[in-house]
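The following block contains a protein sequence and its predicted model.
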Number of protein chains: 2
Amino acid sequence: MSLSTSLNPHVSVDCSIFGFSDNSLCLLLINRNGAKSTFKNDDNRFALPGDLVRDNENLDEAADRILKELTGLSGIFLHQFKAFGDPLRIAKAKDRDWLKGVRQEPDARVITVAYLALIDRTKVEIKPGSFTNEAKWVPISEIKDLVFDHNEIFGGALLALREMIQIYPIAFKLLPVKFTMGDLQSLYETILEREVDKRNFRRKMVHSGLVRALPEKQYGVSNKPARFYVFNGSTSEGLYSSIVNLKMEGSITVFN
Amino acid sequence: MSLSTSLNPHVSVDCSIFGFSDNSLCLLLINRNGAKSTFKNDDNRFALPGDLVRDNENLDEAADRILKELTGLSGIFLHQFKAFGDPLRIAKAKDRDWLKGVRQEPDARVITVAYLALIDRTKVEIKPGSFTNEAKWVPISEIKDLVFDHNEIFGGALLALREMIQIYPIAFKLLPVKFTMGDLQSLYETILEREVDKRNFRRKMVHSGLVRALPEKQYGVSNKPARFYVFNGSTSEGLYSSIVNLKMEGSITVFN
DNA sequence: TTCGCTTAGTGTCAACCAAACACTTTAAAA
DNA sequence: TTTTAAAGTGTTTGGTTGACACTAAGCGAA
């Protein structure tokens, strides 16, 4: 770990890292009581990946670093969505105990800046590092008690994600380069928590110009093989490429 | 001012306070070199109202307090939109000099959490307090160099506001209880930096159910008097009341 | 080889909404 | 009484949404 002088004991960054596979939206969580931890306490172990911010880095760089350490990937889609600063956010007894074993200033008040990250799970091999001893993907429906205020942070991330996929074409960042319309629709339905009509969805997506059909199809599936599509935009122009017309049954609409 | 023990020297809150009058969108800025200041330096004086966060308050409460101190009003619409934490954000020489006169730990790195506030200028009488010696409304087109990274923060606030008024019915928070369609349209046009068609705008607004026409009209204006409208929603349910269909020519659209 | 299972893939119609567009009304001031 | 300034008002065209149900393709089991 770093010298205490290079860490700001008052500001941290936490990342809600979303991944999508097998029609399931997951969050990448770490177990703070993993093999290398001296702190043993069986419940309330899972946490959003995060760390204190270093003196020589800005907030985006801190979030990038955390993702790089954990996944080996850089250039991942990251969006800062909210800072959490309740004075009591780290006041639970078990959290304080844990902090005593890890932090130079365990009693310092910590404001955390929360990011959401969208990653293509087929690209990532989790490599737990530093004091992160175990990391795993957890379906969002199975997320129980997290440490500190991380349940609240995760809830905020999910709301932010839901709002954003309705404005910016960022859903593709959760999918492999080639995907089927079924994948894409299932992703939208999962995040929006609502079903949409298949025909309308496909029409909208194709008509919007966001996706391009490939000649290829699935092979070896036990039903009609689905056509593959690719996202039709520069791979990573800025963070959110452009704002696009993306309407779908029954959600928010906007000045236009 | 407060004792140093009650302030967190590492985290501050800055507010971009928007007001609208005479068809002009303004920001409420303070002059940090006002009458009571010992630091005299003529340029680069204006700043977003802000302060360090106190140990016993959360971020929203800190922002509320700043607004209360400055305007005497509480319950103002506040929305946290971004944290700014560049290590060099307070590194300009003049800013450092000023900090030396004001802060217990002038060299501490400070992360700031930025809020935007929307206020009805007819309700507010500015009362500069504490080390805020001069406060004034500045049209956003006339904003020059601000202190620290406040130009960047303000830019972010404007973008956030532009996005939000297209999703949530919050524009009304910038207007008096009674307003004309001309006021409302002009407000939208100013924030969106784009003109919209008068007939389409009125139809959309009335049809959306967001506004209700009053029997009253303007009196004593030297042209056809305009009808007054009121916002048709509980005065302050939550912060953003509900998400509503608010389309207007040529801007972002969204899944729906 | 046939049948069943599963998911992919497709088209139409009606209702609504968006966008473009210009003239009349009202009041005060000159 | 004329001028000036802003308010207020409808229609048409075209595009989008949303609702709706059947066929196609491939695999595996009988």
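Everything's here; your move.

report the longest strand in chain A, please.
strand A:7-21 (DSSP state E).

List the buried residues of that strand.
Using 16 or more other CB atoms under 10 Å in any protein chain shown as the test for burial, strand A:7-21 gives A:7-20. Every residue, glycine included, has its C-beta placed from N, CA and C.

Give the next helix or strand downstream of it.
strand A:24-31 (DSSP states H and E).

quick one: the next helix or strand after that next one to chain centroid distance?
Downstream of strand A:24-31, the first helix or strand assigned by DSSP H and E is strand A:46-47. In this view, strand A:46-47 has its centroid 14 Å away from the chain centroid, taken as CA atoms, centre = their mean, to the nearest Å.

and if you look at stretch A:109-123?
On CA atoms, centre = their mean, the centre of stretch A:109-123 falls 5 Å from that of its chain.

Equivalent analysis for stretch A:50-67, please.
16 Å.

how long is that stretch end to end?
Distance between the two ends of stretch A:50-67: 9 Å, counting by CA to CA, to the nearest Å.

pLDDT of it, averaged?
For stretch A:50-67, the mean pLDDT works out to 96.

Stretch A:168-180 too?
The model assigns stretch A:168-180 a mean pLDDT of 94.

which residues are contacting that stretch?
A:18-20, A:77, A:118-120, A:122-123, A:164-165, A:183-184, A:187-188, A:191, A:210, A:214, A:216, A:218, A:226-231, A:233, A:240-244, A:246 (CB atoms under 8 Å, 6 or more residues apart in numbering or on different chains).

thinking again about what came up before, among the buried residues of strand A:7-21, which pair sits farthest apart?
Distance extremes for those: the farthest pair is A:Pro9 and A:Phe20 at 35.2 Å, using CB to CB.

The residue of the stretch 51-200 of chain A found nearest DNA strand D is in what secondary structure piece?
Closest contact between the stretch 51-200 of chain A and DNA strand D, by CB to the nearest atom of the strand, is at A:Arg199 (3.8 Å). Using DSSP H and E, A:Arg199 sits within helix A:198-208.

check contacts around A:Leu99.
A:90, A:106-107.

I'd like the residues you listed as a markdown table, with pLDDT appended.
Listed next are those as a markdown table, based on pLDDT from 0 to 100:
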| residue | pLDDT |
| --- | --- |
| A:Ile90 | 90 |
| A:Pro106 | 87 |
| A:Asp107 | 86 |
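
which one among these gets closest to A:Asp55?
A:Pro106 (19.1 Å).

Ramachandran angles for the closest one?
phi -60, psi -20 (degrees, to the nearest 10).

Over to A:Phe148?
Dihedral pair for A:Phe148: phi 50, psi -140, per degrees, to the nearest 10.

if we can go back for a sec, just the buried residues out of the contacts of stretch A:168-180, in ChimeraX syntax.
To isolate the buried members of these in ChimeraX, using 16+ other CB under 10 Å:
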select /A:18,19,20,77,118,119,120,164,165,183,184,187,188,191,210,228,229,230,231,233,241,243,244,246
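
can you tell me which of the contacts of stretch A:168-180 are in strands?
Per DSSP E, these map to strands at A:18-20, A:77, A:118, A:214, A:216, A:227-231.

Hmm, which of those residues is lowest in pLDDT?
A:Phe231 (93).

Give the full set of residues in contact with that residue.
A:169, A:172, A:175, A:177, A:210-211.

my guess is A:Arg202 meets A:Met181, correct?
Yes. Using CB atoms under 8 Å, A:Arg202 is in contact with A:Met181, at 5.4 Å.

Please identify every residue contacting each of these two.
Residues touching both A:Arg202 and A:Met181 by CB under 8 Å, 6+ apart: none at all.

What separation do you get for A:Asp97 and DNA strand C?
46 Å (CB to the nearest atom of the strand, to the nearest Å).

where exactly do the helices run in the stretch 51-200 of chain A?
For the stretch 51-200 of chain A, helices defined by DSSP state H, counting those that start in this stretch occupy the ranges A:59-71, A:93-102, A:150-165, A:181-192, A:198-208.

So for stretch A:201-221, what gets flagged as buried?
Applying 16+ other CB under 10 Å to stretch A:201-221 flags A:201-202, A:204-205, A:210-211 as buried.

DNA strand D: which of those residues is nearest?
For the buried residues of stretch A:201-221, the closest approach to DNA strand D (CB to the nearest atom of the strand) belongs to A:Lys204, at 5.1 Å.

pLDDT score for the closest one?
For A:Lys204, pLDDT reads 89.

Tell me the bridge partners for A:Val211.
Beta bridges link A:Val211 to A:Phe231 when assigned by DSSP bridges.
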